[in-house]
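Novice: From the sequence below, what's the structure:
(4 chains)
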Number of protein chains: 4
Amino acid sequence: MGDASPSGGLSKTRIEALTDGIFAIAMTLMVFDIKVPVVTRVAGFSLRHELWQLWPRFLAYAISFVMLGVYWVGHHNQYHYIRRTDRVFLWINIFFLMCASSVPFSTSLLGQYPAESTAVIVYGLNLMMLGGFLYAHWWYATHDHRLVEKDVHPELVTLAKRRILIGVVASMVAICLSFVSTRLSLAVFTLIPLLYLLPGRIDRHWIRSLS
Amino acid sequence: MGDASPSGGLSKTRIEALTDGIFAIAMTLMVFDIKVPVVTRVAGFSLRHELWQLWPRFLAYAISFVMLGVYWVGHHNQYHYIRRTDRVFLWINIFFLMCASSVPFSTSLLGQYPAESTAVIVYGLNLMMLGGFLYAHWWYATHDHRLVEKDVHPELVTLAKRRILIGVVASMVAICLSFVSTRLSLAVFTLIPLLYLLPGRIDRHWIRSLS
Amino acid sequence: MGDASPSGGLSKTRIEALTDGIFAIAMTLMVFDIKVPVVTRVAGFSLRHELWQLWPRFLAYAISFVMLGVYWVGHHNQYHYIRRTDRVFLWINIFFLMCASSVPFSTSLLGQYPAESTAVIVYGLNLMMLGGFLYAHWWYATHDHRLVEKDVHPELVTLAKRRILIGVVASMVAICLSFVSTRLSLAVFTLIPLLYLLPGRIDRHWIRSLS
Amino acid sequence: MGDASPSGGLSKTRIEALTDGIFAIAMTLMVFDIKVPVVTRVAGFSLRHELWQLWPRFLAYAISFVMLGVYWVGHHNQYHYIRRTDRVFLWINIFFLMCASSVPFSTSLLGQYPAESTAVIVYGLNLMMLGGFLYAHWWYATHDHRLVEKDVHPELVTLAKRRILIGVVASMVAICLSFVSTRLSLAVFTLIPLLYLLPGRIDRHWIRSLS
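Specialist: Residues are numbered from 1 along each chain as shown, chains lettered A, B, ... in the order given. Prediction:
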């Protein structure tokens, strides 16, 4: 092993460790914002009723958990191809992580005010920025093969970009729909994770690289 | 080292990192939901009395801590045999992690309302789903040796499945008993970790692979 | 590399990862229990006064942070010599981690009720159990060289045990003193980390193994 | 593999793991202290208004997130050159981590009382101590090449020190300005991350070591 490759590897390892940590915490802590309801008249019916009323919070939590999972997988897949890091790249990473760690706040906002356009807009902007920084991350790394190997397939670069843009565009749609009906926005937010659940053309590249 | 094996390893490493992070956080944060009691008349007796009254919360915390420990070990043992990952497998993982990160909520619910059947049912369902996804995880990976090596012992596959099902079935029993008495359910929940503490036939495989 | 050694290494790596995660979270979250005071008359003097009044909380936080650091280092040093794991060892680990993740609760209790013997006793018991499980951990691993190599120096085994017992005994002293004066107990708790800060005979072994 | 190099590596790896964990948690948890406003009259305008009023909290969060990112990168870059660890070095690390895990508290204080000189001073002192321990960390490791290789470039040692001191001095300036106007202090705190965003002469060394 040469001098360059282990140090570059170390660097990648530690950025990945910070990323994994921040995503793990953001994903786990969201549920902590859902407080167990305090029922004064302690009766089964009452507690069940109170829990049912928390549905927007659980929905927001589930959407955000899966979306953070999606972006974590996306970040992870990108890192698979990255060979070098530099200052700009590191800062894109830090802003990406800042958006990720803001998700619990915007999720809590959406969960508490699902009928408020303000909450929908803040949540949508958060998702958009998360996707936007992931796009910038990939664009910066792959442009002119700046931080990736020469042999990265051009189709993979394009497909990965398109896949990220789906989420960004869907979030924009949800924001726009909030002026019509916040219910429609919620429906779009619920659909976004499903879009990523479906297999796509990118899987061929991904499976090849992982298996 | 070939091109495939390190990348597959990287992938496993990062899923493991996220899993370790989420379990570490879920296990540690549960205690944060147990608030230090506020005693107006600050006297030793009073504080001690208030602390004693928190026993259902500490019990629920201890059960959940050990159960998360058990499922973490189970996940860890499964990963020992896994050689490849794919999209479905990754999603089973994400849903498994979502159940794990919900445990602090259901634990808090059970700790605050130990006499409520609703709380017992939610907690039991959470444990059931956690076990269910771990079962699906193992079934998906081992079925037709999809993601494991050919030489995984068939007895190990069966024993691991059975071991997971114990917890799932015990959780179902606890849920059913909640209609009779929530005290009985609590007793069953307390027994589940002990079932996993005992050594079993699977240890022969496990020790062989770890030592 | 044979089949046994990498898998044993993996196992160690993951237990270490969970340990690092739980310690990192317990150490970081303690400060979150110290709430920023709400001052009604927003004036510089008033806020400063409120912050000064939080000193028992900051003291308890600092002691616990350093003690968790000490136990983390101790666990880390022990793992350096461990070659195998088994079920009993894993469970000692899980109980050790359960005590570690309880520290934020007992710290919060001590910080809020520094003059209460109950709080001092709970905190002292928590530290004692933490040390006790670390002792059991080391005893179990080294007894008859169960999980360590044959060439582990017997002096190291004894010195490590003695070092852990210092903390356990000091915690017991602090508990006993609480019946005389909780101020004395606090003084002892403050001294414990300093005992570990000082270099000892064990450093010769440690430096040799790390440098 | 010799006996010394893997064990030294292990040690470094685990200190890095704890550091990554504590930074990840401190960075993610800060946003949790920003509570979603409770609006009694649930109207779009009202919620938006309440969110706008949280701007000092978001500003403090953003500054702290980036500063923790900067110090994490600094720590990471230092570790790249470190070959050995000893007791003193470990303790400098633990105090550095204690300062890092205090940042959420001082951030919350600054975010809630941006016009209070006490809050500005506490926040500034926290940043200063964080930088101070990172400086001590580097000084201790590089002095007489205590824990680094002989071939570490002297210019790198000096540049890294200077870079850390920028933040320490800027924090001191912000503290002094708080006696004139806390607005000026906030402006300086906002500028500090930008100073680190800019590329510097140290990048030549850094890029060489990472790429």
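
Novice: Can you tell me how far residue A:46 is from residue A:128?
Specialist: Going from residue A:46 to residue A:128 by Cβ to Cβ, to the nearest Å gives 39 Å. C-beta coordinates here come from the backbone N, C-alpha and C atoms, glycine included.

Novice: again, but for residue A:159
Specialist: Using Cβ to Cβ, residue A:159 is found at 20 Å from residue A:128.

Novice: Same check on residue A:80?
Specialist: Using Cβ to Cβ, residue A:80 is found at 25 Å from residue A:128.

Novice: Same question for residue A:145.
Specialist: Noted for residue A:145: a distance of 27 Å to residue A:128, by Cβ to Cβ.

Novice: Model confidence for the residue lying closest to residue A:142 once chain neighbours are set aside, exactly?
Specialist: Spatial nearest neighbour of residue A:142, excluding adjacent residues (Cβ to Cβ, 6 or more residues apart in numbering or on different chains): residue A:157 at 4.8 Å. pLDDT, residue A:157: 87.

Novice: Counting neighbours, what do you get for residue A:157?
Specialist: Residues lying near residue A:157 (other Cβ atoms under 10 Å in any protein chain shown) number 19.

Novice: Is it within a helix or a strand, and which one?
Specialist: helix A:154-177 (DSSP states H and E).

Novice: Tell me if whatever helix or strand comes next after that helix is near chain D.
Specialist: Per DSSP H and E, the first helix or strand lying C-terminal to helix A:154-177 is helix A:182-197. No. Judged by Cβ under 8 Å from any Cβ of the partner chain, helix A:182-197 makes no contact with chain D; its nearest approach is 10.0 Å.

Novice: tell me the angle helix A:182-197 makes with helix A:154-177.
Specialist: Here the directions of helix A:182-197 and helix A:154-177 differ by 170 degrees (axes from the mean of the first three to the mean of the last three Cα atoms, to 10 degrees).

Novice: Touching helix A:182-197 from outside, list them.
Specialist: When contacts are defined by Cβ atoms under 8 Å, 6 or more residues apart in numbering or on different chains, helix A:182-197 is touched by residues A:56, A:59, A:63, A:66-67, A:70, A:110, A:114-117, A:120, A:123-124, A:127, A:163, A:166-167, A:170-171, A:173-175, A:177-178, B:91.

Novice: quick one: buried residues of it?
Specialist: Applying a neighbour-count criterion of 16 or more other Cβ atoms under 10 Å in any protein chain shown, one finds A:182, A:184-186, A:188-189, A:192-193, A:196 buried in helix A:182-197.

Novice: now, among those residues, which is nearest to residue D:37?
Specialist: Among the buried residues of helix A:182-197, residue A:182 lies closest to residue D:37 (Cβ to Cβ), at 17.9 Å.

Novice: distance of the closest one from residue A:49?
Specialist: Note on residue A:182: its distance to residue A:49, by Cβ to Cβ, is 23 Å.

Novice: related to what we said a few turns ago, need the buried residues of helix A:182-197 in JSON lines with pLDDT and distance to residue D:136, can you?
Specialist: Formatted as JSON lines, the buried residues of helix A:182-197 follow (pLDDT from 0 to 100; distance: Cβ to Cβ, whole Å):
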{"residue": "A:182", "pLDDT": "92", "distance to residue D:136": "53"}
{"residue": "A:184", "pLDDT": "94", "distance to residue D:136": "56"}
{"residue": "A:185", "pLDDT": "94", "distance to residue D:136": "51"}
{"residue": "A:186", "pLDDT": "93", "distance to residue D:136": "51"}
{"residue": "A:188", "pLDDT": "94", "distance to residue D:136": "52"}
{"residue": "A:189", "pLDDT": "94", "distance to residue D:136": "48"}
{"residue": "A:192", "pLDDT": "90", "distance to residue D:136": "47"}
{"residue": "A:193", "pLDDT": "86", "distance to residue D:136": "46"}
{"residue": "A:196", "pLDDT": "81", "distance to residue D:136": "46"}
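
Novice: quick one, what contacts the closest residue to chain B within chain A?
Specialist: Residue nearest to chain B within chain A: residue A:24 (2.8 Å; Cβ to the nearest Cβ). For residue A:24, the contact set (Cβ under 8 Å, 6+ apart) comprises B:17-18, B:20-22, B:24-25, C:21, D:24.

Novice: Of those residues, keep whichever come out buried.
Specialist: Applying 16+ other Cβ under 10 Å to these flags B:17-18, B:20-22, B:24-25, C:21, D:24 as buried.

Novice: Include distance to residue B:106 and secondary structure when you put these into JSON lines, please.
Specialist: As requested, those are exported to JSON lines (distance: Cβ to Cβ, whole Å; DSSP: H, G, I helix; E, B strand; the rest coil):
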{"residue": "B:17", "distance to residue B:106": "25", "secondary structure": "helix"}
{"residue": "B:18", "distance to residue B:106": "21", "secondary structure": "helix"}
{"residue": "B:20", "distance to residue B:106": "21", "secondary structure": "helix"}
{"residue": "B:21", "distance to residue B:106": "20", "secondary structure": "helix"}
{"residue": "B:22", "distance to residue B:106": "15", "secondary structure": "helix"}
{"residue": "B:24", "distance to residue B:106": "18", "secondary structure": "helix"}
{"residue": "B:25", "distance to residue B:106": "16", "secondary structure": "helix"}
{"residue": "C:21", "distance to residue B:106": "21", "secondary structure": "helix"}
{"residue": "D:24", "distance to residue B:106": "25", "secondary structure": "helix"}
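
Novice: ok, of those, which one's closest to residue D:30?
Specialist: Set against residue D:30, the nearest of the buried ones among the contacts of residue A:24 by Cβ to Cβ is residue D:24 (11.6 Å).

Novice: any idea how far residue A:101 is from the closest one?
Specialist: From residue D:24 to residue A:101 the distance is 9 Å (Cβ to Cβ).

Novice: any shared contact partners between those two?
Specialist: The contact sets of residue D:24 and residue A:101 overlap at A:22, A:25 (Cβ under 8 Å, 6+ apart).

Novice: pLDDT value on whichever residue of chain A sits closest to chain D, please?
Specialist: At 2.8 Å from chain D, residue A:21 is the closest residue in chain A, using Cβ to the nearest Cβ. Looking at residue A:21, its pLDDT is 88.

Novice: Was I right to think it contacts residue D:18?
Specialist: No. Using Cβ atoms under 8 Å as the test, residue A:21 is too far from residue D:18 to be in contact (10.9 Å).

Novice: check contacts around the closest residue to residue A:152 other than its chain neighbours.
Specialist: Using Cβ to Cβ, 6+ apart and skipping the chain neighbours, the partner closest in space to residue A:152 is residue A:81 (5.3 Å). Residues in contact with residue A:81 (Cβ under 8 Å, 6+ apart) are A:141-142, A:148-149, A:152, A:156.

Novice: any idea how far residue A:156 is from residue A:81?
Specialist: Distance of residue A:81 to residue A:156, computed by Cβ to Cβ: 8 Å.

Novice: cool, residue A:93 as well?
Specialist: Per Cβ to Cβ, residue A:93 is found 20 Å from residue A:156.

Novice: Count the neighbours of residue A:169 for me.
Specialist: 13.

Novice: Give me the pLDDT value at it.
Specialist: Note on residue A:169: pLDDT of 94.
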